[in-house]
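# 3D, please:
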Amino acid sequence: MNIQEIENKVQSLPKDSIILFLIFFRDHSGRIFTHDESFRMTSEKSAVPIYTFWDIYNGLGTVGGLETAGYLQGEAAAKLALRILNGESPSSIPIIKHSPKPFMFDYIQLTRFGINLEQLPQGSIIINRRVSFYEENNDKVLIVIATILVLVGMIVLLIVSMQRRKRIERSLRESEGRYKSVVDNIAIGVSLISPEMKIIALNRQMKEWFPNIDVSSHPICYDSFNEPPRGEICSCCPTCQTLRDGQVHGAMTETPTKDNVLNFRVVSSPIKDQNGAIISAVELVEDITEIKKAEQALIESESKYRSLFEKMINGFALHRIILDDKGNSVDYVFLEANPAFEKLTGLKRENIIGKRVTEVIVGIELELAG
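Got it, this is the predicted structure:
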């Protein structure tokens, strides 16, 4: 048949037919064709699958088949040549009796005719297959995915860390607020002093006692707490001792102010860092000015009483009543006696103080109320 008759025959084949294309390079009329021309002219008119035995037709419209591959044959021959070139005797090399023939199929034609890839022989070579981006860049995609997962993990950890930090900061603010409320509302003064004797912080009570101190400038304590400024550390300063040895110390102080002198009881405690180094000291300050005044007034009152007691002309003795188990008065003890009492009774103070009357005056009969 000539090429026209072949084309007509191919076009009229039933749909359940297949074509096995071998070799066609000249038709009945003597017209010569190349391999590509003869196959293309046939495949363009065919509506059914075309199978071949040669890989030279791949990509021209053939579905494929068990094909003789020139590349594989050349590769096999090259391997034999290398063995000979490497010194192996040609007679020792077995003859290859079976030409390398892989199953090769064109993905485009398989798709065109709806042929399932799973039905192909195992190990088949698929050409013109559309490789997905993932298949083409599998390693890169996996690296990108792994990188993204690591970044997502880091972001999650960062978010968790930030949330935890916010909770801690909120707790610290609440704790600081409670601490400040307690410290500012107690009647005891609280001050924080640095190792350089600078004032770091004062509570509300200290600010009421010393309203002119600007804490933000961190002034020196012995200058700021005294009027006029001392210019040197107080000799009895417990805070200085605490900053030096890290122990708790206390002292009574007399602090001069513009109008008067205040008396304070100061107790200092160290604040240390995690390594045990002293970083500051806390002073607890109690205003005992009124107590000191009361003590002085009491001393003065006792002095006046003592003077009157000693100089009065009437004999006077102070006693403590002794009671029995039933609550009845049975005796009394001398607690104090003035000179007039000694003169009138002949009893010396040093001989009677702390003793019972029945011991001092033997045989005396007491008439005490029950």
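# what's the longest strand out of those in the chain packed up against?
Criterion DSSP state E: the longest strand present in the chain is strand 261-272. In terms of contacts (3 or more Cβ pairs under 8 Å, 6 or more residues apart in numbering; DSSP states H and E), strand 261-272 is packed against strand 189-193, helix 238-245, strand 249-256, strand 278-287, helix 289-311. In this view, the C-beta of every residue, glycine as well, is placed from N, C-alpha and C.
# wait, what's in contact with Trp54?
For Trp54, the contacting residues are Ile23, Glu67, Thr68, by Cβ atoms under 8 Å, 6 or more residues apart in numbering.
# nearest to Gln241, of those residues?
Glu67 (102.0 Å; Cβ to Cβ).
# need the contact list for that closest one.
Thr52, Phe53, Trp54, Asp55, Asn58, Lys101, Pro102, Phe103, Met104.
# same deal with Thr255?
Phe225, Asn226, Val261, Leu262, Asn263, Phe264.
# measure it to Asn226 for me?
6 Å (Cβ to Cβ, to the nearest Å).
# ok, Ile364 next?
Distance from Ile364 to Asn226, by Cβ to Cβ: 63 Å.
# those two: which has the busier surroundings?
Asn226 (17 against 10; other Cβ atoms under 10 Å).
# what count of nearby residues applies to the residue nearest to that one when sequence neighbours are not counted?
Ranked by Cβ to Cβ, 6 or more residues apart in numbering and with sequence neighbours excluded, the top spatial neighbour of Asn226 is Pro256, at 5.7 Å. Residues near Pro256, counting by other Cβ under 10 Å, number 13.
# distance from the chain centre to the helix or strand hosting Glu208, please.
Using DSSP states H and E, Glu208 maps to helix 204-209. Centroid separation for helix 204-209 versus its chain: 37 Å, with Cα atoms, centre = their mean, to the nearest Å.
# ok, which of the helices and strands packed on strand 261-272 comes nearest Lys343?
helix 289-311 (12.2 Å).
# just how off-centre is that closest one within its chain?
With Cα atoms, centre = their mean, you get 63 Å for helix 289-311.
# for that helix, packing partners?
strand 261-272.
# redo that, cut-off 10 Å
Counting contacts by 3 or more Cβ pairs under 10 Å, 6 or more residues apart in numbering; DSSP states H and E, helix 289-311 packs against strand 249-256, strand 261-272, helix 339-345.
# coming back round to it: and for Thr255 and Asn226, which residues touch both?
Phe210, Cys234 (Cβ atoms under 10 Å, 6 or more residues apart in numbering).
# so what's the residue count around Cys240?
20.
# tell me the confidence at the nearest residue to it once chain neighbours are set aside?
Residue nearest to Cys240 in three dimensions, not counting chain neighbours: Ile233, with 5.3 Å by Cβ to Cβ, 6+ apart. Per-residue confidence (pLDDT) for Ile233: 86.
# so what's Ile233 up against?
Met197, Ile220, Cys221, Tyr222, Thr239, Cys240.
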